[in-house]
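Colleague: Below are the sequence and a predicted model; questions follow.
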Amino acid sequence: MSSESSIVSKVWNFANVLRDDGVSYGDYLEQLTYLLFLKMVDEFSKPPYNRKIGVPEGYDWESLVNKRGAELDTHYSKMLRELANTKGILGQIFVKSQNKIQDPAKLFKVIDMVDKEKWSMMGADLKGKIYEGLLEKNAEDTKSGAGQYFTPRALIKAMVACVQPEPMKTISDPACGTGGFFLASYDYIIENYDLNRDQKEFLKNRTFFGNEIVANTRRLCLMNMFLHNIGEIDGETFVSSADALVADEGKRYDYVLANPPFGKKSSMTFTNEEGEQEREDLVYNRQDFWASTSNKQLNFLQHIRTLLKENGVAAVVLPDNVLFEGGAGETVRKQLMQSTELHTILRLPTGIFYRPGVKANVLFFDNRPGARDPWTKDVWIYDYRTNVHHTLKKKPLQFEDMQDFISCYNPSNRNNRNETWSEENPEGRWRKFTYDDIITRDKTNLDIFWLKDESLADLDNLPDPDILANEIIENMEAGLESFREVMETLNGKGVSLTEI
């Protein structure tokens with residue numbers, strides 16, 4: 001068995017070699033997922049496991065390692081198609097799979113690298129480390145768009161540290177991407193509890209439930225979970241391919257942790273009678289929703305509240321528009337404060353997400369039974385945006401950056417909190433607002449800030465030029481994105497700019 005460092009370097013070396021050959025990190029990661037899974041299926045089918053996993057005859061690992069050249073290329077492509085038709089996790093891993101490594105010699109080298117290791121014997125920490133590293137590298141490739149499925153792990157870890165999930169409870173993420181919230185919750189429970197046999201089994205097989213409509217991302221999530229020892233290689237998938245927003249399936253969970261997809265509109269593309277492509281905004285007509293809207297994030301917020309058990313706990317990343325948008329937004333905010341205890345909002349800085357210009361927040365709320373009076377009494381806001389500067393490469397968000405917020409949040413006793421803001425200390429980032437303070441604001445606006453922007457007041461106190469340049473680029477790209485949304489909406493309605 002190779003040493004940990006040599007395995008990691010081998011996996012990365014192949015990523016770089018293939019990249020020079022025109023194979024992106026995403027395509028390499030996809031092929032590595034297929035091959036890793038097949039190799040582990042092969043290992044689990046032998047002693048001491050002896051599992052029957054349902055690989056079609058003639059399309060197992062042994063059939064792959066003995067072929068070369070054009071024969072390998074043809075067999076591998078056919079194998080992917082055959083495996084896509086199988087059931088359970090196996091079928092989900094291979095659904096819509098394609099060979100993206102066109103050079104059979106390079107494909108054989110990757111197969112050979114995977115074949116030389118006993119992956120089933122390898123620690124989950126090492127397998128997870130290799131795979132998470134590739135996922136992060138893939139997210140950095142802005143052209144692929146993979147970053148929208150990858151939430152910064154430091155932020156996820158901080159959210160989990162505040163929620164403090166317990167054993168024998170269920171956790172849902174209706175837009176689970178590559179599974180970051182599941183992994184962080186799993187790690188938190190393992191590290192903070194001495195689990196008995198039943199608790200370990202529940203954590204492995206009955207804790208996590210999610211949705212991911214993008215086949216490739218769902219595949220990466222399932223593999224990521226499996227390499228971290230969550231789920232069984234021959235078990236049923238716990239990640240659904242269904243659009244979570246379409247209907248309430250009736251299941252309720254103890255925790256919902258999520259970062260729903262960016263982009264304001266829920267829409268679908270279709271071809272009209274003239275053969276032209278048009279976009280139509282989706283409005284989900286659900287009886288359990290407080291307001292019907294095409295705003296994707298408002299729909300996810302309403303859906304997440306539905307998913308919670310009567311006293312379930314939620315932490316969800318949402319963009320600024322959810323805090324201030326009128327109409328449906330105002331209705332949703334009022335109902336959320338009425339029927340849940342919306343106790344905390346964390347204002348996030350720009351420069352931490354792989355999609356530029358995103359201004360987002362984390363909303364923490366606990367579901368509550370029906371009552372006449374609003375459950376929300378106070379909303380505590382932590383402003384980690386004003387005068388905070390992060391970039392993805394030079395100054396990425398670290399878990400340590402979240403320590404002050406976690407301390408103010410006070411997970412062990414949320415009813416014992418102390419403001420750091422006061423009239424005497426106007427620079428404090430942690431401030432309480434009562435229900436009456438908020439409900440009297442125009443449109444029940446929760447986009448609240450009070451700190452002075454130092455860069456506006458003090459030219460000598462400007463951030464590093466690189467950070468300033470990145471912020472300018474982010475703001476321009478965010479503006480372009482908003483303009484694209486307007487254009488798509490107008491085009492979908494048959495309106496051109498010349499008509500406005």
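Modeller: Received it, and whenever you're ready, just let me know what you need. Keep in mind that this is a model prediction, so the values were computed, not measured. Numbers count the residues shown, from 1 in each chain.
Colleague: Which helix or strand contains residue 366?
Modeller: In this assignment (DSSP states H and E), residue 366 forms part of strand 360-367.
Colleague: now swap in residue 326 and tell me
Modeller: Under DSSP H and E, no helix or strand contains residue 326.
Colleague: Please look at it and residue 445 and confirm they touch.
Modeller: No - contact criterion CB atoms under 8 Å: residue 326 and residue 445 do not qualify, at 9.0 Å. For the C-beta atoms, the positions are set from N, CA and C on the backbone; glycine is no exception.
Colleague: re the thing from before, tell me what the strand holding residue 366 is packed against?
Modeller: helix 153-163, helix 296-307, strand 308-319, helix 321-324, strand 340-347 (3 or more CB pairs under 8 Å, 6 or more residues apart in numbering; DSSP states H and E).
Colleague: Name the strands paired with whatever helix or strand comes next after it and say parallel or antiparallel.
Modeller: For strand 360-367, the following helix or strand on the C-terminal side (DSSP H and E) is strand 378-383. Here strand 378-383 is paired, per DSSP bridges, with strand 340-347 (parallel), strand 430-434 (antiparallel).
Colleague: What distance do you get for residue 385 to residue 197?
Modeller: To residue 197, residue 385 is 45 Å away according to CB to CB, to the nearest Å.
Colleague: now residue 394
Modeller: Distance, residue 394 to residue 197, by CB to CB: 47 Å.
Colleague: Looking at these two now, which is surrounded by more residues?
Modeller: Counted by other CB atoms under 10 Å, residue 394 and residue 197 do not tie: residue 394 has more neighbours, with 12 against 7.
Colleague: For the residue nearest to residue 402 when sequence neighbours are not counted, which residues are in contact?
Modeller: Nearest residue to residue 402, sequence neighbours excluded (CB to CB, 6 or more residues apart in numbering): residue 158, at 3.6 Å. By CB atoms under 8 Å, 6 or more residues apart in numbering, the residues touching residue 158 are 399, 402, 405, 406.
Colleague: what's the first-to-last distance across stretch 303-314?
Modeller: Terminal residues of stretch 303-314 lie 11 Å apart, using CA to CA, to the nearest Å.
Colleague: buried set for it?
Modeller: The neighbour-count check on stretch 303-314 (16 or more other CB atoms under 10 Å) flags 303, 304, 305, 306, 307, 308, 312, 313, 314 as buried.
Colleague: Tell me how many other residues surround residue 240.
Modeller: Quick note: residue 240 (other CB under 10 Å) scores 17 neighbours.
Colleague: Who is it paired with across the strands?
Modeller: residue 211.
Colleague: so where's the protein shaky on pLDDT?
Modeller: 1-5, 141-149, 263-281, 455-464, 466-468, 470-472, 474-475, 477-479, 481-500 (pLDDT under 70).
Colleague: was I right about residue 206 contacting residue 171?
Modeller: No - Residue 206 is beyond contact range of residue 171, at 10.4 Å (criterion: CB under 8 Å).
Colleague: Have a look at the two and say which one is more surrounded.
Modeller: When residue 206 and residue 171 are compared for neighbours, residue 171 comes out ahead with 23 against 11, by other CB under 10 Å.
Colleague: Distance of residue 296 relative to residue 329?
Modeller: For residue 296, the distance to residue 329 - CB to CB - is 12 Å.
Colleague: Let me see the domain layout of the protein.
Modeller: Structurally, the chain divides into domains by automatic domain parsing as follows: 4-135, 142-452, 466-499.
Colleague: Which element, helix or strand, includes the spatially most central residue of the chain?
Modeller: Per CA atoms, centre = their mean, the C-alpha nearest to the average position across the chain is that of residue 177, at 4.3 Å. In this structure, residue 177 sits in neither a helix nor a strand according to DSSP H and E.
Colleague: Please report how far it lies from residue 220.
Modeller: 8 Å.
Colleague: for residue 62, same thing?
Modeller: 26 Å.
Colleague: Which of those two has more residues huddled nearby?
Modeller: residue 220 (27 against 10).
Colleague: so the more buried one touches residue 31, yeah?
Modeller: No - if you go by CB under 8 Å, residue 220 and residue 31 don't touch, sitting 12.0 Å apart.
Colleague: any idea how far stretch 60-72 is from the chain center?
Modeller: 35 Å (CA atoms, centre = their mean, to the nearest Å).
Colleague: same deal with stretch 372-390?
Modeller: In terms of CA atoms, centre = their mean, the centre of stretch 372-390 is found 22 Å from the chain centre.
Colleague: Quick check: end-to-end length of it?
Modeller: Stretch 372-390 has an end-to-end distance of 43 Å (criterion: CA to CA).
Colleague: Buried residues, that stretch. List them.
Modeller: For stretch 372-390, using 16+ other CB under 10 Å, the buried residues are 374-376, 379-390.
Colleague: Give me the neighbour count for residue 451.
Modeller: By other CB under 10 Å, 17 other residues sit near residue 451.
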